[in-house]
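1. Fold the following for me, if possible:
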Amino acid sequence: MQLDQTDHLIGRLKELHKGIRDSIMRRRREVPMERLVQVVQSTESDVKFDIDAAAEEQVVDFCRTWAAESKICFVLVAEGVSPAPGEPERVVFPDGADERDAQFILIVDPCDGSRELMYDKRSAWVLSGIAPYKRDGCTLADIALAVQTELPITKQNLADTLHAAIGARTSCERYDVASGKVVARFCPVPSAARTIEQGFATISKFFPGGKELAARIEESLAHRILGPIRKGQAAIFDDQYISTGGQLYELMIGHDRFIADIRPLTAGWLARRGLGSLGLCAHPYDLCTELVARQAGVHVCQPDGRPLAAPLNTTSEISWVGYANQSLRNLIEPHFQELLANSLLHGIPDEPPEHRPAMGLPQPND
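-> A predicted model of the protein is given here:
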């Protein structure tokens, strides 16, 4: 993929996103909520609701037209595009083309955050990224450009589209939802705070399974950094935004200072205690726009500090961390990594065994 194609490719992704946004907004006007929240399919990677189906159809139709018009070959990775049950969710365009001729891989999440959007609670996001094709496989680290577009709730009159490419600052366009016109253009700026005090700092715990472990790490982290709770004060705040793209947005726009999603790391802990299997986790398509956050200045990485490098598929389970700036990373990361390592072995960090509640949680010698 040549650098001179970047603007063209970003433009095409924006076109795709607009089509998805228009389709979902139209469907939400025409279809009652009771239907939108119905489960229409369960896959290895997620549960698909009625609201997701409309978006996925838009992606396949757009890619087929794009490939035919441009005479280029590329691979699409997205939910719902598997050519047959049990096969990887990836398809080559144009139809019948040989994947070895592909110029790039396009990975898409058509509606990240559908659970909140279908109840009209909070925006969801269209996420997409493009990586130059490699025969030995591409990862999140190979994504060279990405776009994410807000899918607003019905009473919201403004919505954002952000894009970034390697070597370029992240840009945001703010649209008037009714007219579709751009009302503002700006570069998002993450928080410059040097402390988490009086800010939003969150460890994701959306669903049952590992919630107590995540909450105890969060409590211990706050205690280490800020000290004991002071009567009548709320030192930091927690925000469970059920959308990875939405979480990245909150970091890059300056709303949040620290977010960690460690759900995959709790799998062994859950299994050893007979608490069930690992539930829903973030996948590569949920994080295909982490480049947008990084180019805005957010530090996005694995819990151990290494760059994200999961393969571009729909099934790999990903843990990730986002720090709004280097100062916050320096402050939080050593404590977070130590607490995480200890908790995965012992379950409850920073508590003596006699104070651990009898809830099937591990003892130090487990």
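
2. Do a quick rundown of the strands in the protein.
-> Secondary structure of the chain, counting by DSSP state E: strands at 39-42, 47-49, 74-77, 90-93, 104-112, 124-132, 145-151, 158-165, 171-176, 182-186, 200-203, 256-261, 299-301, 320-323.

3. Output those strands in CSV; the columns should cover mean neighbour count, distance to Arg64 and mean pLDDT.
-> C-betas here are computed from N, CA, C, even on glycine. Output for the strands of the chain, formatted as CSV (neighbours: other C-beta atoms under 10 Å; distance: least, C-beta to C-beta, whole Å; pLDDT from 0 to 100):
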stretch, mean neighbour count, distance to Arg64, mean pLDDT
strand 39-42, 12, 21, 66
strand 47-49, 17, 20, 70
strand 74-77, 23, 9, 97
strand 90-93, 20, 6, 94
strand 104-112, 28, 12, 96
strand 124-132, 28, 16, 97
strand 145-151, 28, 19, 98
strand 158-165, 22, 23, 98
strand 171-176, 17, 26, 98
strand 182-186, 11, 28, 98
strand 200-203, 23, 39, 98
strand 256-261, 26, 33, 98
strand 299-301, 20, 32, 98
strand 320-323, 25, 32, 98
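
4. And those strands: which comes nearest Asp238?
-> strand 200-203 (5.1 Å; C-beta to C-beta).

5. ok, back up a step: can you tell which of the strands of the chain is closest to Phe237?
-> strand 200-203 (4.8 Å).

6. Let's have the strands of the chain in JSON lines, adding distance to Cys63.
-> Shown next, in JSON lines, are the strands of the chain (distance: least, C-beta to C-beta, whole Å):
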{"stretch": "strand 39-42", "distance to Cys63": "20"}
{"stretch": "strand 47-49", "distance to Cys63": "18"}
{"stretch": "strand 74-77", "distance to Cys63": "5"}
{"stretch": "strand 90-93", "distance to Cys63": "5"}
{"stretch": "strand 104-112", "distance to Cys63": "7"}
{"stretch": "strand 124-132", "distance to Cys63": "11"}
{"stretch": "strand 145-151", "distance to Cys63": "15"}
{"stretch": "strand 158-165", "distance to Cys63": "18"}
{"stretch": "strand 171-176", "distance to Cys63": "23"}
{"stretch": "strand 182-186", "distance to Cys63": "25"}
{"stretch": "strand 200-203", "distance to Cys63": "34"}
{"stretch": "strand 256-261", "distance to Cys63": "29"}
{"stretch": "strand 299-301", "distance to Cys63": "27"}
{"stretch": "strand 320-323", "distance to Cys63": "27"}
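
7. So for Lys18, which of those strands sits nearest?
-> strand 145-151 (7.4 Å).

8. Just the CA atoms of the closest one, as PDB, please.
-> Output of strand 145-151 as PDB, limited to C-alpha atoms (Å, rounded to 0.1, in the frame of the first residue of the first chain):
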ATOM      1  CA  LEU A 145      -4.600   4.000   8.900                       C
ATOM      2  CA  ALA A 146      -7.900   3.800  10.700                       C
ATOM      3  CA  VAL A 147     -11.300   5.600  11.000                       C
ATOM      4  CA  GLN A 148     -13.900   5.500  13.800                       C
ATOM      5  CA  THR A 149     -17.300   7.100  13.500                       C
ATOM      6  CA  GLU A 150     -19.900   7.700  16.200                       C
ATOM      7  CA  LEU A 151     -23.300   6.200  16.000                       C
END
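
9. could we number from 30 for the rest of this?
-> Yes, from this point I'll number from 30; that puts the last item at strand 174-180.

10. Centre-most residue in this structure?
-> Nearest to the mean C-alpha position of the chain, by C-alpha atoms, centre = their mean, lies Thr273 at 2.5 Å.

11. tell me the contacts of it?
-> Asp141, Asp290, Ala311, Asp315, Leu316, Trp349 (C-beta atoms under 8 Å, 6 or more residues apart in numbering).

12. partners of Gly351 in the sheet?
-> Ile288, Val329 (DSSP bridges).

13. dump the residue contacts of it.
-> Gln276, Leu277, Leu280, Asp285, Phe287, Ile288, Ala289, Ala322, Val327, His328, Val329.

14. Count the neighbours of Gly48 for me.
-> By other C-beta atoms under 10 Å, the residues close to Gly48 number 16.

15. just the one 3 residues further on next, same as before
-> Residue neighbour count, defined by other C-beta under 10 Å, stands at 12 for Asp51.

16. and if you look at Gln276?
-> Other residues close to Gln276 by other C-beta under 10 Å number 29.

17. Test my guess that it contacts Asp285.
-> Yes - Gln276 is within contact range of Asp285, at 7.3 Å (criterion: C-beta atoms under 8 Å).

18. Overlap of the contact sets of these two?
-> Counting by C-beta under 8 Å, 6+ apart, the residues touching both Gln276 and Asp285 are Thr231, Gly351.

19. now Pro161: how far from Leu277?
-> 22 Å (C-beta to C-beta, to the nearest Å).

20. so how far is the longest helix that the chain contains off the chain centroid?
-> Longest helix in the chain by number of residues, with DSSP state H as the criterion: helix 35-59. Its chain's C-alpha centre and that of helix 35-59 lie 18 Å apart, by C-alpha atoms, centre = their mean, to the nearest Å.

21. which helices and strands does it pack with?
-> Counting by 3 or more C-beta pairs under 8 Å, 6 or more residues apart in numbering; DSSP states H and E, the packing neighbours recorded for helix 35-59 are helix 79-99, strand 133-141, strand 153-161, strand 174-180, strand 187-194.
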